[in-house]
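Trainee: Prediction below, plus the sequence it came from.
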Amino acid sequence: MTDEEPLGPGDPVHDTARDRVGRVMGDEGPYLRVRPLTGGPEWDADPRHLRRLTRDELLSAQLAETNTRSRSHTK
């Protein structure tokens, strides 16, 4: 991570190692615990592979999740 401020709980992030987005939930040893934006199982992420999402990236990810949920409810 190259941002000046360290990541903390609630920060939206992109895990570049897994190409997933989520929200930091806490830490576990040297790793950060990250949960998908819409909930679900957490995963351990190396902080070196996390970067904070921009506001536009966060809105885009949230919209994509909302669209995915709405498509799954219409079937």
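Mentor: Received the coordinates, thanks. What you are looking at is a predicted structure, and each value in this text was computed from that prediction instead of being measured.

Trainee: how close does the nearest residue to Val34 once chain neighbours are set aside get to Gly39?
Mentor: Nearest non-adjacent residue to Val34, counting by Cβ to Cβ, 6 or more residues apart in numbering: Gly22, 4.0 Å away. The way it works is simple: take the backbone N, C-alpha and C, and place the C-beta from them, glycine included. Distance, Gly22 to Gly39, by Cβ to Cβ, to the nearest Å: 10 Å.

Trainee: which one of these two has more residues nearby?
Mentor: A direct count of neighbours by other Cβ atoms under 10 Å for Gly22 and Gly39 places Gly22 higher, at 26 against 10.

Trainee: Is the more buried one in contact with Gly10, as I believe?
Mentor: No - the criterion here is Cβ atoms under 8 Å, and Gly22 misses it with Gly10 at 11.1 Å.

Trainee: Need the pLDDT of Thr2.
Mentor: pLDDT recorded at Thr2 is 49.

Trainee: How about Lys75?
Mentor: pLDDT recorded at Lys75 is 58.

Trainee: Please identify the helix or strand for the residue nearest to the spatial centre of the chain.
Mentor: The structure's the chain has its C-alpha centroid closest to Gly22; by Cα atoms, centre = their mean the separation is 1.4 Å. Taking DSSP states H and E as the definition, Gly22 sits inside strand 20-28.
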